[in-house]
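>>> Need the 3D shape of this:
(one chain, ligands or ions: 2)
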Amino acid sequence: MPTARIRLSDAQVAEVARYAFGLAGLPELPPAEEYEDTQGVLVATSDGESLTVVEVPRWEAPAAVAARLREQGWTFPTAWVDAPPDDVSVLPERLVVLLTAGGTPPDSAELSARAGAWNGARTGGREVVVVPVPLSPYFPEIPVAELAAAYGASLAGSGLGVSPHRTGGRVLLFTGLSGAGKSTIAARVVELLVEEGRTVTLLDGDEVRHHLSAGLGFSRADRDTNVLRIGWVAAQIAKHGGIAVCAPIAPYAEVRDAVRREVETQAGPESFVLVHVATSLADCEARDRKGLYAKARRGEIPTFTGISDPYEVPTDAEVTVETAGRSVDECARQVLEALAGR
Ligand SMILES: Nc1ncnc2c1ncn2[C@@H]1O[C@H](COP(=O)(O)OS(=O)(=O)O)[C@@H](OP(=O)(O)O)[C@H]1O
Ligand SMILES: Nc1ncnc2c1ncn2[C@@H]1O[C@H](COP(=O)(O)OP(=O)(O)O)[C@@H](O)[C@H]1O
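Ligands and ions are numbered 1, 2, ... in the order given. Take a look at the predicted model:
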């Protein structure tokens with residue numbers, strides 16, 4: 001039996017909207033009977049075979065946009081996709097701007113900055129109607145001319161992919177086994193960043209579990225919730241230009257990837273840095289500062305990462321830190337070097 005009702009991410013709702021507007025095929029969604037958006041509004045239902053779209057409140061249908069423009073007397077609308085050109089004199093006097101916003105929350109700083117680039121002062125007083133469209137700003141799913149045509153317009157040009165917005169914020173997500181050195185290295189990284197005058201927030205795995213994630217255990221579902229919460233807070237920090245350093249075990253690749261997408265949506269491409277603290281299980285167990293490995297080996301901790309619970313080794317880490325025979329400072333500086341290059 002599929003789960004009765006599932007909440008979709010902004011990116012998944014955009015997929016549903018593309019399908020509803022005939023811009024793309026059937027989206028691949030986890031099995032469920034009902035799907036809601038991030039506000040809890042029912043957007044679609046499924047009988048297991050077909051998807052019935054109920055409503056996608058955030059997105060205006062292309063046909064509705066075309067009709068609205070016609071009513072306003074726009075006979076042959078011209079469209080521009082995303083960022084304006086450097087030389088705005090090439091633009092027509094009135095145009096509809098199709099702003100790719102799929103996967104981006106409506107209140108994201110990135111989206112307002114991109115829409116703000118089209119205000120009257122910057123476009124020489126041209127008449128501009130900005131319409132957010134459910135395509136991804138980074139990987140648009142259909143050619144821009146086809147997109148313009150769907151909205152009843154002919155394409156004047158596109159600044160898609162031109163200087164994607166970056167807030168300057170960063171998220172460093174440390175991942176690794178218990179005792180690998182995540183907290184120790186993360187704390188040193190924070191010290192070094194503070195010395196550079198940066199504003200940094202440390203979301204340490206152990207600490208988070210006392211506050212943000214109090215009450216959660218170590219089942220897969222609870223670990224996923226814990227890491228997604230950390231990721232969400234970190235993304236909010238990065239969205240406003242801050243640096244968040246997070247140090248949970250984060251054993252599952254799928255959730256690490258979800259955090260990467262959330263952060264890059266909020267703070268721009270390359271704002272997410274995955275740091276794998278790659279200390280071997282044997283070395284972590286030999287350290288066993290908290291005596292947890294010994295307990296896990298005795299069967300006293302039923303789902304202990306590395307012993308009786310999985311750890312999926314990252315294949316997409318921006319930095320891999322080996323700690324054996326190296327000082328904490330050396331490891332922290334390796335992380336900072338990777339950060340400086342981004
Ligand atoms: N079953 C089990 N498995 C792994 N770890 C356990 C477990 N039970 C308690 N602990 C202690 O909790 C710390 C890991 O919590 P995290 O929030 O980082 O884990 S996770 O990302 O949600 O998987 C981890 O801390 P660190 O040693 O700092 O990693 C452990 O001290
Ligand atoms: N190069 C290194 N980097 C980080 N920790 C190290 C290093 N070498 C030895 N250690 C020791 O390993 C242990 C790591 O513990 P901790 O930072 O709490 O790990 P985690 O947060 O991954 O559970 C500490 O006792 C630390 O002193």
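>>> For the residue of the stretch 101-250 of the chain found nearest ligand 2, which non-adjacent residue is spatially closest?
Taking CB to the nearest ligand atom, ligand 2 has its nearest neighbour within the stretch 101-250 of the chain at Gly181, 2.7 Å off. Every C-beta, even on glycine, is put in place using the N, C-alpha and C of the backbone. Once flanking residues are discounted, Gly181 sits nearest to Thr323: 4.6 Å by CB to CB, 6 or more residues apart in numbering.
>>> what's around Leu26, how many residues?
Per other CB atoms under 10 Å, the neighbour tally for Leu26 reads 10.
>>> Any idea how many residues pack against the residue nearest to Gly181?
23.
>>> Likewise for Ser89?
6.
>>> Go ahead and confirm it touches Gly124.
Yes - the pair Ser89 / Gly124 is scored as a contact, 7.3 Å apart, by CB atoms under 8 Å.
>>> still on that earlier bit, tell me how far the residue nearest to Gly181 lies from Val335.
12 Å (CB to CB, to the nearest Å).
>>> Ok, Glu312 next?
21 Å.
>>> same deal with Arg7?
Taking CB to CB, one finds Arg7 at 34 Å from Val335.
>>> higher neighbour count, these two?
Neighbour count, other CB under 10 Å: between Arg7 and Val335, Val335 has more, with 24 against 14.
>>> which residues does the more buried one contact?
172, 185, 189, 273, 275, 319, 321 (CB atoms under 8 Å, 6 or more residues apart in numbering).
>>> hmm, the helix or strand in which it is found in reach of ligand 2?
Take DSSP states H and E as the rule and Val335 turns out to sit in helix 328-340. Yes - counting by CB under 6 Å from any ligand atom, ligand 2 is contacted by helix 328-340 at 328, 331.
>>> Give me the buried positions along that helix.
Neighbour-count burial for helix 328-340, counted by 16 or more other CB atoms under 10 Å, picks out 331-332, 334-336, 338-339.
>>> So for it, mean pLDDT?
Mean per-residue pLDDT for helix 328-340: 94.
>>> How are the helices of the stretch 1-150 of the chain distributed by residue range?
Using DSSP state H, counting those that start in this stretch, the helices of the stretch 1-150 of the chain run over residues 10-20, 62-71, 109-116, 144-150.
>>> The helix or strand following the shortest one pairs with which strands?
Okay, so that is helix 144-150. Sequence-wise, the next helix or strand downstream of helix 144-150 (DSSP H and E) is strand 154-158. Here strand 154-158 is paired, per DSSP bridges, with strand 78-81 (parallel).
>>> does Thr201 really touch Gly241, like I thought?
No - contact criterion CB under 8 Å: Thr201 and Gly241 do not qualify, at 11.8 Å.
>>> hey, what's in contact with both of these two?
Joint contacts of Thr201 and Gly241 (CB under 8 Å, 6+ apart) do not exist.
>>> Which stretches in the protein count as strands?
3-7, 32-36, 42-46, 51-53, 78-81, 94-100, 127-133, 154-158, 170-175, 200-204, 243-247, 272-277, 319-321 (DSSP state E).
>>> Next, the buried residues of the second one.
Spelled out, it's strand 32-36. Those would be 32, 35-36, for strand 32-36 by 16+ other CB under 10 Å.
>>> need the residues of the stretch 201-342 of the chain near ligand 2, please.
So the stretch 201-342 of the chain meets ligand 2 at 247, 287, 289, 323, 326-328, 331 (CB under 6 Å from any ligand atom).
>>> can I assume Leu42 is in contact with Val54?
Yes - Leu42 lies in contact with Val54 (CB under 8 Å); the separation is 5.3 Å.
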